[in-house]
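Undergrad: Next comes the sequence, and after it the predicted model I'd like to discuss.
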Amino acid sequence: MSEIISALWPVFALILLGYLARRTNFPGESFWQQAEKATYFVLFPVLLIYKLSQADMSSVSLDSIGVAVLLLVAGGSVVTFILKPLLAESTAGFTSVYQGAVRFNTYVGLAASAALFGTEGVAIAAVIMAIMIPLLNLCCVLVFTLFTHKNREFLSVFKALAQNPLILGSLIGLFLNQTGVGLPAVIEPVAELLSRMALPLGLLAVGAGLSFKVLGQCKKELIGSSVIKLLVMPALCMLIITLLGLESRSAQLMMLYASLPTATSAYILARQMGGDAPMMAAIITGQTLLSMLSMPFVLLLATL
């Protein structure tokens, strides 16, 4: 337990530092938007390409991980829909609860993967992300279309998904790895230096986006989505990896991603497609804080 806390503590410490920096207006409001943009479009894709191109993938079962991700997303979705009458009073509110129940924070996931499992962890995490990101975006868009009737945004969302830099970075890294091409010698040291910047800056940006002012709102929705995301999803994941017999490291990474708080990008999708954006902001902040307590215990169970 102490090893897990020691590995995760720097991750959450940087999130809190990002929050404090934003609230003290350091180094300035405009910095944080640019920092998140640089991290999302440049640093994280470079990190994924660099780590995946060099990783030993011989022990990674791509088909088993794919099945595990599909079952986890399907299971979480079914539970959320069954509990819909208890979770939200409005249809717009339910879309935020759904995103809070099934989506995951990429920045926290990659940072925790690297802290706990090193390069191998980042490689397996990238495989999980390459499957989970498009699947979850598809599910969320379908939910918005069903409950808010914002189908005019449907094609534009899928176009953005096809251009998602994290998906593209994962696919390029996997291609370089599986073909044996690797990174050119002249590019590799540059990619290595850039990749070092990705996780610290990404975590600071997560903290900068937190807002405690919204936590007093929509308590029922926050509690409901958090119980599903931080407790039910890990429990489902444990059942799935047991049934599938995933090897140890892949199982631990699946448990890690099942225990993550929801994605900060869920707020943007809520605004674009007619969801309850203020509720989404409250769920993001609340889950990020609660995950600091829940993740160590979930990961401890994964190692038993």
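TA: Right, received. Where do you want to start?

Undergrad: chain center to the one helix or strand residue 98 maps to, what's the gap?
TA: In this assignment (DSSP states H and E), residue 98 forms part of helix 91-102. Distance, stretch centre to chain centre, for helix 91-102: 16 Å (Cα atoms, centre = their mean, to the nearest Å).

Undergrad: same deal with stretch 29-44?
TA: With Cα atoms, centre = their mean, you get 17 Å for stretch 29-44.

Undergrad: Would you mark the buried spots in that stretch?
TA: Buried residues in stretch 29-44, counted by 16 or more other Cβ atoms under 10 Å: 31, 32, 35, 36, 38, 39, 40, 43, 44. Placement of C-beta: from N, CA and C, glycine included.

Undergrad: Which other helices and strands does the helix or strand hosting residue 197 contact?
TA: Secondary structure assigned from DSSP H and E places residue 197 in helix 188-208. In terms of contacts (3 or more Cβ pairs under 8 Å, 6 or more residues apart in numbering; DSSP states H and E), helix 188-208 is packed against helix 2-23, helix 29-38, helix 44-54, helix 106-148.

Undergrad: Now the first one: buried residues?
TA: Read it as helix 2-23. 4, 7, 8, 11, 12, 14, 15, 18, 19, 21, 22.

Undergrad: The fourth one contacts residue 202, doesn't it?
TA: No: with contact taken as Cβ atoms under 8 Å, residue 11 and residue 202 are classed as non-touching, separated by 10.2 Å.

Undergrad: circling back to that earlier point, who's in contact with the helix holding residue 197?
TA: 11, 14-22, 32, 35-36, 38-39, 42-44, 46-47, 49-51, 105, 107-108, 110-111, 114, 182-183, 264, 288 (Cβ atoms under 8 Å, 6 or more residues apart in numbering).

Undergrad: Show me the shaky parts of the chain.
TA: 1-2, 59, 149-161, 304 (pLDDT under 70).

Undergrad: centroid residue for it?
TA: residue 105 (2.5 Å; Cα atoms, centre = their mean).

Undergrad: what residues does stretch 297-304 touch?
TA: Taking Cβ under 8 Å, 6+ apart as the rule, stretch 297-304 contacts 1, 4, 8, 116, 230, 234, 238, 251-252, 255-256, 258-259.

Undergrad: Next up, phi/psi of residue 164, please.
TA: Main-chain dihedrals, residue 164, degrees, to the nearest 10: phi -60, psi 120.

Undergrad: mind checking which helix or strand residue 289 is in?
TA: Residue 289 belongs to helix 277-303, assigned by DSSP H and E.

Undergrad: For that helix, buried residues please.
TA: Buried residues in helix 277-303 (16+ other Cβ under 10 Å): 277-292, 294-296, 298-299, 302.

Undergrad: what do you get for stretch 194-210?
TA: 194-195, 197-210.

Undergrad: Pick out the most distant pair among these.
TA: Greatest spatial distance in the buried residues of stretch 194-210: 194 and 210, 25.8 Å, computed using Cβ to Cβ.

Undergrad: Check which residues of the helix or strand that the helix holding residue 197 is followed by are buried.
TA: From helix 188-208 onward toward the C-terminus, using DSSP H and E, the following helix or strand is helix 219-227. By neighbour count with 16+ other Cβ under 10 Å, helix 219-227 contains the buried residues 221, 222, 224, 225, 226, 227.

Undergrad: what's the neighbour count on the nearest residue to the fourth one once chain neighbours are set aside?
TA: By that I understand residue 225. Excluding the flanking residues, the one nearest residue 225 by Cβ to Cβ, 6 or more residues apart in numbering is residue 100, at 3.3 Å. When neighbours are counted by other Cβ atoms under 10 Å, residue 100 registers 29.

Undergrad: can you give me how far stretch 137-153 is from the chain middle?
TA: 20 Å.

Undergrad: Return the set of buried residues in it.
TA: Quick answer for stretch 137-153 (16+ other Cβ under 10 Å): 137, 139, 140, 141, 143, 144, 145, 147, 148, 150, 153.

Undergrad: same thing with stretch 210-220?
TA: Residues of stretch 210-220 classed as buried by neighbour count (16+ other Cβ under 10 Å): 210, 211, 214, 215, 218.

Undergrad: The fourth one and residue 99, how far apart?
TA: In this view, residue 215 and residue 99 are 17 Å apart by Cβ to Cβ, to the nearest Å.

Undergrad: before we move on, what about the last one?
TA: The gap separating residue 218 from residue 99 is 13 Å, by Cβ to Cβ.

Undergrad: same question, the third one
TA: From residue 214 over to residue 99 the distance is 15 Å, taken as Cβ to Cβ.

Undergrad: Verify the contact between residue 65 and residue 127 for me.
TA: Yes: counting by Cβ under 8 Å, residue 65 does reach residue 127; the two are 5.7 Å apart.

Undergrad: And the buried residues of stretch 210-220, which two are furthest apart?
TA: 210 and 218 (16.0 Å).
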